[in-house]
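**Student:** can you look at this prediction? I've put the sequence above it.
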Amino acid sequence: MTSVNWRAEIVRVFRDSIKGLDSKNRVITTDIDPLAAGIYFSDKHYMVPLYVEENYLDALKEICLAEKIAFIIPQTDRDCIYFSDHKDIIESWGPKILMPRPQKVKLLNDKKLCHEFLKEHNILIPRNYSEKEIDHIKVYPLIVKPRKDSGSANIRVVRDKNELASALKYVDCPVIEEFIEGEEFTIDGAANLDHSIIGIVPRKRIMVKGGISVKGITLYDKQLMETAKKVARLIEPVGFFCMQFIKRDNSYHLIEINTRIGSGLVLSIEAGLDIGRILSAYSRRESIFFPDDFFKAGLYMMQYLKPYFSNNEQLL
């Protein structure tokens, strides 16, 4: 599991799940920061260089060979982009990277191309405005975001022409989107190695801080689930993925797709998304399928901060 950073609970859940299958199974984590709490919840962890450094790939190879890594599970969008660029090299060492084909990863990372792709396939999404339309926009607020970046840090909500002009100066390669108000929902899902869908769990985002879901509840919503399945078939996932929707006028608008684990996945796992069974199927190169109602609906999650303590000599 790469770039685990603060994702300690996700690492712990994965570790416990695979230990339940075989006590010899292990989770290995990597990060660039010895103060990344997530690394201390794995069986073993490594400090690695930045992607931009020439020796990153060599460091990753050394870990994969030494630890006999079977699967690589990216934790960030930037992980996915890097691994898509080096997929053949990395998988030649033995591990399988759990993410879609490189061309789909790159498509989803480009918000302009992704918007055009989804529109062609009749997926309900926020309207995008071109540069030629800027002077004629009359409906606010809008969202301005980088064309090729992830996370919420660089996303700006603008409420008039002056704020829009300011945002366009500071956001790199901006994309301008319609701002859709409504209830927010996330779909957590898992897919087989042949891209077929194993199962999905919808959850309502009750509270989000810094892009991280801290309060939520699972729910059974057939319309939302069928919409998510349609999108999933288009992106052809492998491994874990998540999507975000906003409900307006009884319709679900897709606002984000991630080809990686979402921050609230622990709720979906607790509700029944069996990580151990899924990883076991991957290891046997078998496909499995969960029925639509496999998860527990109405399960609440309330995340809280919990410190991890370490002495200097215990840090990497």
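**Tutor:** Perfect, I can see it now.

**Student:** how about the helices of the stretch 1-150 of the chain, start to end?
**Tutor:** 8-21, 56-67, 77-85, 87-91, 102-109, 111-120 (DSSP state H, counting those that start in this stretch).

**Student:** quick check: which of these is nearest to Glu184?
**Tutor:** Minimum separation from Glu184 across the helices of the stretch 1-150 of the chain (Cβ to Cβ) falls at helix 111-120, 18.2 Å. Heads up, the C-betas are built off the backbone N, CA and C, glycines and all.

**Student:** rounded mean pLDDT for that closest one, please.
**Tutor:** Taken as a whole, helix 111-120 carries a mean pLDDT of 94.

**Student:** contacting residues around that helix?
**Tutor:** 107-108, 125, 128, 145-148, 175, 231, 234, 254, 257 (Cβ atoms under 8 Å, 6 or more residues apart in numbering).

**Student:** okay, now the unreliable bits of the stretch 201-316 of the chain?
**Tutor:** 316 (pLDDT under 70).

**Student:** next one: the biggest strand by length in the chain to chain centre, how far?
**Tutor:** Assignment by DSSP state E gives strand 197-209 as the longest strand of the chain. Chain-centre distance of strand 197-209: 12 Å, with Cα atoms, centre = their mean, to the nearest Å.

**Student:** which helices and strands does it pack with?
**Tutor:** Using 3 or more Cβ pairs under 8 Å, 6 or more residues apart in numbering; DSSP states H and E as the contact test, the elements touching strand 197-209 are strand 183-191, strand 212-218, helix 222-235, helix 265-271.

**Student:** tabulate the ones you listed (JSON lines), appending mean neighbour count and distance to Ser92.
**Tutor:** Shown next, in JSON lines, are these (neighbours: other Cβ atoms under 10 Å; distance: least, Cβ to Cβ, whole Å):
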{"stretch": "strand 183-191", "mean neighbour count": "23", "distance to Ser92": "23"}
{"stretch": "strand 212-218", "mean neighbour count": "20", "distance to Ser92": "35"}
{"stretch": "helix 222-235", "mean neighbour count": "17", "distance to Ser92": "25"}
{"stretch": "helix 265-271", "mean neighbour count": "23", "distance to Ser92": "29"}
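
**Student:** could you dump the ones you listed into TSV with distance to Glu133 added?
**Tutor:** As requested, those are exported to TSV (distance: least, Cβ to Cβ, whole Å):
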stretch	distance to Glu133
strand 183-191	26
strand 212-218	33
helix 222-235	26
helix 265-271	37
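
**Student:** with respect to Arg78, which of those lies nearest?
**Tutor:** strand 212-218 (16.8 Å).

**Student:** give me the sheet partners of the closest one and which way each runs.
**Tutor:** Strands that pair with strand 212-218, judged by DSSP bridges, come out as strand 197-209 (antiparallel), strand 300-302 (antiparallel).

**Student:** name the spans of the stretch 1-150 of the chain whose pLDDT lies under the cut-off.
**Tutor:** Ranges of the stretch 1-150 of the chain meeting pLDDT under 70: 150.

**Student:** tell me the centre residue of the protein?
**Tutor:** Arg260 (3.3 Å; Cα atoms, centre = their mean).

**Student:** so what's it up against?
**Tutor:** Counting by Cβ under 8 Å, 6+ apart, Arg260 has contacts 73-77, 79-80, 99, 240-242.

**Student:** ok, which pair from those residues is furthest apart?
**Tutor:** Greatest spacing in those, by Cβ to Cβ: Asp79 and Cys242 (14.4 Å).

**Student:** please report phi then psi for Pro126.
**Tutor:** Dihedral angles of Pro126 (phi, psi; degrees, to the nearest 10) stand at phi -60, psi 150.

**Student:** give me the neighbour count for it.
**Tutor:** When neighbours are defined as other Cβ atoms under 10 Å, Pro126 has 18 of them.

**Student:** hang on, isn't it packed against Glu256?
**Tutor:** No. Judged on Cβ atoms under 8 Å, Pro126 makes no contact with Glu256 at a distance of 10.4 Å.

**Student:** nearest residue to Tyr46 in space, please, no chain neighbours.
**Tutor:** Take Tyr46 and drop its neighbours on the chain: the residue closest to it by Cβ to Cβ, 6 or more residues apart in numbering is Thr30, 5.0 Å away.
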